[in-house]
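[1] turn this into a model:
(one chain, ligands or ions: 1)
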Amino acid sequence: MHFQFNDVTYTLGFGQSRQVTVSGSVASGNILVVQGYSGSGKSTLLRILARLQPCDSGDVFLEGQNWLQIPGTTWRADVHYLAQKPALFDGTVAGNLAKPFETKLLSKRGLNLDQARIYMKKLLLSDSLWEQDARTLSGGEAARLAFVRALLIGPKVMLLDEPAAALDEESRRALHLTLSQWLEGPSRAALLVTHNNDYEGLRHVSFLDIGKQQRGE
Ligand SMILES: Nc1ncnc2c1ncn2[C@@H]1O[C@H](COP(=O)(O)OP(=O)(O)OP(=O)(O)O)[C@@H](O)[C@H]1O
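    Numbering: from 1, shown residues only. Got it, this is the predicted structure:
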């Protein structure tokens, strides 16, 4: 498995807009850490790669296939974007985990309840949260719930935008460990935006600095 983006060009901001061109790639079992100063366009790049917003030009390949040849719904199941602010639905924690499996693409597979409980435990989320209203979760709980949901969807590529920003050290370690274990499975890779420079427990990490690429370094 190989995920590659070549000369992806996009424009940031209004008025004094800035154009950014970025290239990178990540192979199976690996993590590409996306770095750059605040406002350099890291989150925007992830959203573009998830096909949640357009770019000006560039090519993206998943397992050698150009993204234009892959329908948007398939792409978003294969290339999963985990936003900085977790996108949770109204309803319970269990309902939030089940929601993606109501879509046509994932309904055949259905939610694997045993797997969900295993991942919840790995992410230090108590069983007692199961029926809790997701809107009442703490920031850290919400972030871990969104990560559990991503694991259950089982994409080929995870685009993680500061997934540990709201987590304490223990939860962050649990998230890194679970991500590393997930990456050991077949055909899986991740892009990770992080500010805290804490890669404890993460293996097979390489780096892409958006700011440096613009300066040709
Ligand atoms: N929807 C939008 N409309 C206008 N400007 C935007 C929009 N989204 C992002 N921007 C601007 O684009 C630039 C890059 O934003 P982005 O969130 O991608 O940066 P970042 O590198 O992830 O920053 P940070 O490290 O602070 O999270 C910022 O200057 C931001 O204000």
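
[2] how many neighbouring residues does residue 31 have?
    Residues within reach of residue 31, counting by other Cβ atoms under 10 Å, total 22. C-beta here means a position set from N, CA and C on the backbone, and glycine is covered the same way.

[3] if I look at it, how far off is residue 17?
    31 Å (Cβ to Cβ, to the nearest Å).

[4] tell me which helix or strand of this structure sits lowest on mean pLDDT?
    Lowest on mean pLDDT, DSSP states H and E among the helices and strands of the chain sits helix 210-214, with a mean of 81.

[5] may I see the buried residues of it?
    Buried positions in helix 210-214, judged by neighbour count with 16 or more other Cβ atoms under 10 Å: 210, 213, 214.

[6] around the ligand, which positions in the chain sit nearby?
    When proximity is defined as Cβ under 6 Å from any ligand atom, the chain approaches the ligand at 12, 13, 14, 36, 38, 39, 40, 41, 42, 43, 44.

[7] hang on, the earlier thing: redo the buried residues of helix 210-214 as TSV? Include distance to residue 113.
    Formatted as TSV, those follow (distance: Cβ to Cβ, whole Å):
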residue	distance to residue 113
210	40
213	43
214	46
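
[8] among these, find me the one that's closest to residue 164.
    residue 210 (19.8 Å; Cβ to Cβ).

[9] excluding its backbone neighbours, what's nearest that closest one?
    residue 36 (3.6 Å; Cβ to Cβ, 6 or more residues apart in numbering).

[10] phi, psi for that neighbour please.
    When quoted as degrees, to the nearest 10, the phi and psi of residue 36 stand at phi 150, psi 160.

[11] who are the contact partners of it?
    By Cβ atoms under 8 Å, 6 or more residues apart in numbering, the contact set of residue 36 is 42, 209, 210, 211, 212.

[12] repeat that with 10 Å
    Residue 36 makes contact with 20, 22, 42, 45, 193, 208, 209, 210, 211, 212, 213, 214, according to Cβ atoms under 10 Å, 6 or more residues apart in numbering.

[13] same question, residue 196
    Applying Cβ under 10 Å, 6+ apart, the residues near residue 196 are 162, 164, 165, 167, 172.

[14] tell me how many other residues crowd residue 170.
    There are 9 residues near residue 170, going by other Cβ under 10 Å.

[15] what about the residues of the chain next to the ligand, which are in strands?
    residue 12 (DSSP state E).

[16] in the residues of the chain next to the ligand, find the pair that's most separated.
    Pairwise over the residues of the chain next to the ligand, using Cβ to Cβ, the maximum falls at 14 and 36, 20.1 Å.

[17] contact partners for the closest residue to residue 209 other than its chain neighbours?
    Nearest residue to residue 209 in three dimensions, chain neighbours excluded: residue 35, at 4.5 Å (Cβ to Cβ, 6+ apart). Contacts for residue 35 were tallied using Cβ under 10 Å, 6+ apart; they are 42, 192, 193, 194, 195, 197, 207, 208, 209, 210, 211, 212.

[18] in the chain, which spans are strands?
    Listed in chain order, the strands of the chain (DSSP E) span 2-12, 18-27, 31-35, 57-62, 65-66, 79-82, 157-161, 189-193, 205-209.
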